[in-house]
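S.K.: Sequence and predicted structure, then a few things I'm wondering about:
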Amino acid sequence: MTVTSEGIRRIHVLVVDDSAFMRTALSRMINCEAEMEVVATACCASAAFEKISEFDPDVVTLDVRMPGLDGLDTLRCIMAQSPRPVIIVSAATENGGGATLEALSAGAFDCVPKQLSATSLEIAHIRQELISKIRTAAISYRGRSAHIGSKKPSQSALPANERLMSAGAAIVAIGISTGGPKALEQILPLFPENFSMPILFAQHMPVGFTAPLAKRLNSISSMKVTEALNGELIRPGRTYIAPAGVHLRVASRRSDSKPFMILESQPEEAPHRPSVDILMNSVAQLFKSRAIGVIMTGMGSDGAVGMTSIFRHGGVTIGQDESSCAVYGMPRVCAELGILTHELSLKEIPAHIVAAALRRRRA
């Protein structure tokens, strides 16, 4: 571990790229930051695995196009063997969203496009974006086992079945990060066409890629999936994804109490935009015991405050179990806080939500 003169632990970064020029250029950018340090570089997948084992970096930057095992397969191996934030820095993410969505589905923390022809002037423009994303990734990684508040909230959990029966569920809020696109592709098709509750979810993604994700999910789901729009009414049986780069909150109209969505950039200091905590806090405040909160695969602790709020208002709180998570970070924090009414595998989650909707309809 390296510590700055101010006593701050430096962010340790591993740079993986088959181009010697790119390894040097990226390393110089990163090492110019006082709180960052490139602890190693690697030119291929096998070297990257060795460096991860030796240096245990906080963040890995990874090219997609490499000889031998390519970047996406390298990413999958890292997430399976030694999960940590991986930022894809590649020209393969420039044109269209296919490569980016595939990388995010495989567990990438974020993506930064680079120019195809590598010259110092063309590479320099990504510096601000790269540094910002490394900093955010490190905060998320270091907060993966953070505890927010006491481990056991003052309100005791009701037995799972009792709380589910009494919830009168009216809305579902989902928080998800690393490995999220793939997980959502697996669970959304399991909801029936006549599912009555709206679903809102915050997925940590780069700006510009939540719309393609919504389009992809809409094509495989019986429910309509769209990006949330500012001021849009929340309709039953619809699924809304918070656009990347802004926070999503819910509120109700004074005239008729109908719930609608608000998109806003504040607070800017939140590690993630959209923030799972901001979405879930607003859902808890508006829907109280009628809210269902679901925390799924992802690094860090975003969502722990929001899930605690839903729990304390008497809502149902579901955490994805460790065995089905790409990264058991966000659900782990909630489990350790003692605020989950259910811990379920990925494919069990829709059935429990549907059961809550049916009970509400019969009530």
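M.R.: All right, it came through fine. Residues are numbered from 1 along each chain as shown.

S.K.: contacting residues around stretch 262-276?
M.R.: By Cβ atoms under 8 Å, 6 or more residues apart in numbering, the surrounding residues in contact with stretch 262-276 are 136, 139-140, 143, 175-177, 202-204, 228-231, 242-251, 277-278, 295, 300, 302-303, 306, 330. To be clear about C-beta, it is placed using only N, CA and C from the backbone, and glycine gets the same treatment.

S.K.: ditto for stretch 219-230
M.R.: Residues outside stretch 219-230 that contact it (Cβ under 8 Å, 6+ apart): 185, 188-189, 191-193, 195, 199-200, 210-211, 214, 217-218, 237-243, 248, 261-263.

S.K.: Apart from its chain neighbours, what residue comes closest to Ala251?
M.R.: In this structure, Ala251 finds its nearest non-sequential neighbour in Ile262, 5.7 Å apart by Cβ to Cβ, 6 or more residues apart in numbering.

S.K.: again with Gly298
M.R.: Distances taken as Cβ to Cβ, 6+ apart place Ser177 nearest to Gly298, at 2.7 Å, with adjacent residues excluded.

S.K.: Which residues are in contact with the one you found?
M.R.: Ser177 sits in contact with 140, 203-204, 272, 276, 297-300, 302, 327, 329-330, where contact means Cβ under 8 Å, 6+ apart.

S.K.: from those residues, which is closest to Ala351?
M.R.: Nearest to Ala351 among these is Thr297, at 18.2 Å by Cβ to Cβ.

S.K.: distance of the closest one from Glu102?
M.R.: According to Cβ to Cβ, to the nearest Å, Thr297 and Glu102 sit 16 Å apart.

S.K.: So the two - more neighbours on which side?
M.R.: When Thr297 and Glu102 are compared on other Cβ atoms under 10 Å, the one with more neighbours turns out to be Thr297, at 24 against 18.

S.K.: Would you mind confirming that that one makes contact with Ser323?
M.R.: No - between Thr297 and Ser323 there is no contact under Cβ atoms under 8 Å: 11.2 Å.

S.K.: how about low-confidence regions in this protein?
M.R.: 1-8, 92-97, 115-122, 142-168, 359-363 (pLDDT under 70).

S.K.: mind checking the backbone torsions on the residue nearest the centre of it?
M.R.: Residue closest to the mean C-alpha point of the chain, counted by Cα atoms, centre = their mean, is Ser177 at 1.5 Å. Ser177 adopts backbone torsions of phi -140, psi -110, taken as degrees, to the nearest 10.

S.K.: if we can go back for a sec, now list the buried members of the contacts of stretch 262-276.
M.R.: For the contacts of stretch 262-276, a neighbour count by 16 or more other Cβ atoms under 10 Å gives the buried set as 136, 139-140, 143, 175-177, 202-204, 228, 242-244, 246-250, 277-278, 295, 300, 302-303, 306, 330.

S.K.: Using PDB, list the CA coordinates for stretch 212-222.
M.R.: In PDB, the C-alpha atoms belonging to stretch 212-222 read as follows (Å, rounded to 0.1, in the frame of the first residue of the first chain):
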ATOM      1  CA  PRO A 212     -29.800   1.000 -25.900                       C
ATOM      2  CA  LEU A 213     -30.100  -1.200 -22.800                       C
ATOM      3  CA  ALA A 214     -33.800  -0.200 -22.400                       C
ATOM      4  CA  LYS A 215     -34.300  -1.100 -26.100                       C
ATOM      5  CA  ARG A 216     -32.700  -4.400 -25.700                       C
ATOM      6  CA  LEU A 217     -34.600  -5.300 -22.500                       C
ATOM      7  CA  ASN A 218     -37.900  -4.200 -24.200                       C
ATOM      8  CA  SER A 219     -37.300  -6.600 -27.100                       C
ATOM      9  CA  ILE A 220     -37.100  -9.600 -24.700                       C
ATOM     10  CA  SER A 221     -39.700  -8.600 -22.100                       C
ATOM     11  CA  SER A 222     -43.500  -8.900 -22.200                       C
END
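
S.K.: a helix runs through Ile278, doesn't it?
M.R.: Yes - the assignment for Ile278, made by DSSP: H, G, I helix; E, B strand; the rest coil, places it in a helix.

S.K.: Distance of it relative to Ile339?
M.R.: Taken as Cβ to Cβ, the span from Ile278 to Ile339 is 17 Å.

S.K.: Then Ser282?
M.R.: 17 Å.

S.K.: And the two? Which one has more around it.
M.R.: Ranked by neighbour count (other Cβ under 10 Å), Ser282 and Ile339 place Ile339 first, with 26 against 23.

S.K.: and the more buried one, what are its phi and psi?
M.R.: Backbone torsions of Ile339, given as degrees, to the nearest 10, read phi -110, psi 10.

S.K.: Quick check: beta-bridge partners of Phe201?
M.R.: Beta-bridge partners for Phe201, by DSSP bridges, are Ile174, Ile241.

S.K.: Now do the contacts for it.
M.R.: Going by Cβ under 8 Å, 6+ apart, Phe201 touches Ala173, Ile174, Gly175, Ile176, Leu184, Thr239, Tyr240, Ile241, Ala242, Leu279.

S.K.: Stretch 336-343: which residues count as buried?
M.R.: For stretch 336-343, the neighbour count (16+ other Cβ under 10 Å) marks Glu336, Leu337, Ile339, Leu340, Thr341, His342, Glu343 as buried.

S.K.: Also stretch 312-323?
M.R.: Of all the residues in stretch 312-323, those buried under the rule 16+ other Cβ under 10 Å are His313, Gly314, Gly315, Val316, Thr317, Ile318, Gly319, Gln320, Asp321.

S.K.: what would these look like in JSON lines with secondary structure?
M.R.: Shown next, in JSON lines, are the buried residues of stretch 312-323 (three-state DSSP):
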{"residue": "His313", "secondary structure": "coil"}
{"residue": "Gly314", "secondary structure": "coil"}
{"residue": "Gly315", "secondary structure": "coil"}
{"residue": "Val316", "secondary structure": "strand"}
{"residue": "Thr317", "secondary structure": "strand"}
{"residue": "Ile318", "secondary structure": "strand"}
{"residue": "Gly319", "secondary structure": "strand"}
{"residue": "Gln320", "secondary structure": "strand"}
{"residue": "Asp321", "secondary structure": "coil"}
